[in-house]
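Student: Model the following, please.
(one chain, ligands or ions: 1)
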Amino acid sequence: MLASLPPNLSYQRPKGEQLQEILEGFIANLDPGTRLPSERVLAERYGVARATVTQAIDELAGKGLVYRVHGSGTFVAEPKFRQPQTLTSFTEDMLARGMTPGSIVLAREVAPASAVIARHLQVAHETAVVQIERVRTANGEPMALERSYLPASRFPGLEEADLTDVSLYTLLAERWGVRVAAADQWASAVRLTEEEAEILGVDAEQPALLFQRVTHDPSGNIIEYVRSFYRGDRYEVHHRLERIEQAPPPAAGS
Ligand code: 16G
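Tutor: Residues are numbered from 1 along each chain as shown. Sure thing, here's the model as predicted:
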């Protein structure tokens, strides 16, 4: 395995930076789950301090490219999931990847809407809202922590439905005849609380992707406001961008 690594570093650039680049290229060609050479072996090969290797691997772990298993070493991580560019449910998305979707319900209740939730649902402050908190899993592994808010008057009894391993969108369609048609969604990077990180089984230092979604039915009525915390080490966002040719700037003096 070591034979495919470049033999030495150049003197011109910081060693840690070069090592990181080398390892990034190296693991791109390895299968997920492959064990990397030990930090000691890498340090010897490149004549650098062990701490330099540790730091380079920390950076790669932070990017979600490798993960450490205490006492066994560092392994190549699974490729990241891409958030779909179409309006899908978590269940549909996992099934399309050939994985088994699951949900663990942490909370479900009717509560008065806070100002933020009311604004997103476009209802009056303190309107009764069904609040559902779920851990979403793929093949049993936690992927996201999701807090969904739906107007209680539109979905009476929803707070009593058991959503364990069930698709919310399927339930809304089957029980209330409500179909999702369009959504506004925005993403931002966030830090998790210690508790959220523990639920997702990630390091508290690991940033997460917060997706907020406001979903509409075919008539344009708002069905849900959702705050989904997706694991930053397992998810990425992909956009395909098409260039629209810009009109040339007007000639000087015209
Ligand atoms: C996805 C949606 C979430 C939606 C849920 C429904 C994102 C970022 N979020 O997780 O807004 O409520 O799917 O999934 O994609 P379900 O029908 O499987 O419960």
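Student: Show me which residues of the protein sit near the ligand.
Tutor: Residues of the chain lying close to the ligand (Cβ under 6 Å from any ligand atom) are 89-91, 146, 148, 167-169, 211, 213, 224, 226, 228. Just so you know, the C-beta spots here come from the backbone N, C-alpha and C atoms, and that holds for glycine as well.
Student: ok, 5 Å please
Tutor: Proximity of the chain to the ligand, by Cβ under 5 Å from any ligand atom, involves residues 89, 90, 91, 167, 168, 169, 211, 213, 226, 228.
Student: Tell me the secondary structure at the closest residue to the fourth one other than its chain neighbours.
Tutor: Meaning residue 167. Excluding the flanking residues, the one nearest residue 167 by Cβ to Cβ, 6 or more residues apart in numbering is residue 91, at 3.8 Å. Judged by DSSP: H, G, I helix; E, B strand; the rest coil, the three-state class of residue 91 is helix.
Student: one step back: turn the residues of the chain next to the ligand into JSON lines, including neighbour count and pLDDT.
Tutor: Formatted as JSON lines, the residues of the chain next to the ligand follow (neighbours: other Cβ atoms under 10 Å; pLDDT from 0 to 100):
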{"residue": "89", "neighbour count": "18", "pLDDT": "96"}
{"residue": "90", "neighbour count": "23", "pLDDT": "96"}
{"residue": "91", "neighbour count": "19", "pLDDT": "97"}
{"residue": "167", "neighbour count": "18", "pLDDT": "98"}
{"residue": "168", "neighbour count": "24", "pLDDT": "98"}
{"residue": "169", "neighbour count": "20", "pLDDT": "98"}
{"residue": "211", "neighbour count": "19", "pLDDT": "97"}
{"residue": "213", "neighbour count": "19", "pLDDT": "98"}
{"residue": "226", "neighbour count": "20", "pLDDT": "98"}
{"residue": "228", "neighbour count": "23", "pLDDT": "97"}
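Student: Neighbours of residue 142, how many?
Tutor: If you count neighbours by other Cβ atoms under 10 Å, residue 142 ends up with 17.
Student: Now it. Its backbone dihedrals?
Tutor: When read as degrees, to the nearest 10, the backbone of residue 142 gives phi -60, psi 130.
Student: quick one, phi psi at residue 225?
Tutor: phi -120, psi 130.
Student: How about the one 3 residues further on?
Tutor: Main-chain dihedrals, residue 228, degrees, to the nearest 10: phi -110, psi 120.
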